[in-house]
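Colleague: Sequence plus the predicted model coming up.
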Amino acid sequence: MRLSEAQEALVARARETIRVRGKPEWHTVGCAMRTRSGRIFTSVHLEAHVGRIAVCAEAIAIGMGAAEGDTQIDEIVAVDFRGNVVAPCGMCRELILDYSPQATAIVPGSAGPVAVPVAELLPSKYHRLDG
């Protein structure tokens, strides 16, 4: 199924972000996230000399939304340095689902990017036992 115009525009925002803000070896993934309020947050991932402290672009976009009080994710997409759509990593899938179980992610498909519910990307999600 083809992406909607709004989804294509979100992919274009992610591509523009990595094109303008990307730096080889430091910021090689760009992200665009639209919240249910219609706001769009863009980000790049943060690389470090110690790989364990790198932070994904999706997590940064979610943090930017949280700083503005806007974490109800509608759609999210990440692209690599060449502008190719990439799927969120496992940790980002968990984070997106924690904040917005109804969110949609734009991921690579066999005939181009497709939009899928994030819940489909992470079956059997971890749930904390309270109490």
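Modeller: Okay, I see it. Numbering: from 1, shown residues only.
Colleague: Helices along this protein, start to end?
Modeller: 5-21, 57-67, 90-99, 118-121 (DSSP state H).
Colleague: For the longest one, give the mean pLDDT please.
Modeller: Averaged over helix 5-21, pLDDT sits at 96.
Colleague: show me where pLDDT drops low in this protein?
Modeller: 1, 51, 131 (pLDDT under 70).
Colleague: 90 - rerun?
Modeller: Low-confidence segments of the chain (pLDDT under 90): 1-2, 22-28, 47-54, 122-131.
Colleague: Centroid-nearest residue for it?
Modeller: Geometric centre of the chain, nearest residue: E58, 3.8 Å, by C-alpha atoms, centre = their mean.
Colleague: Make CSV from the helices of the chain and add distance to C31 to it.
Modeller: In short, each C-beta sits where N, CA and C put it, glycine included. Formatted as CSV, the helices of the chain follow (distance: least, C-beta to C-beta, whole Å):
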stretch, distance to C31
helix 5-21, 6
helix 57-67, 4
helix 90-99, 9
helix 118-121, 14
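Colleague: most packed of those helices?
Modeller: Of these, the one with the most neighbours on average (mean count of other C-beta atoms under 10 Å) is helix 57-67, at a mean of 21.
Colleague: just how off-centre is stretch 36-46 within its chain?
Modeller: Relative to its chain's centre, stretch 36-46 lies at 8 Å (C-alpha atoms, centre = their mean, to the nearest Å).
Colleague: mind listing what's buried in it?
Modeller: For stretch 36-46, a neighbour-count test (16 or more other C-beta atoms under 10 Å) marks I40, F41, T42, S43, V44, H45 as buried.
Colleague: Mark which of the residues you listed are part of strands, please.
Modeller: Using DSSP state E, the members of the buried residues of stretch 36-46 that fall in strands are I40, F41, T42, S43, V44.
Colleague: Could you double-check that the first one sits in contact with R34?
Modeller: Spelled out, it's I40. Yes: contact criterion C-beta atoms under 8 Å: I40 and R34 qualify, at 5.1 Å.
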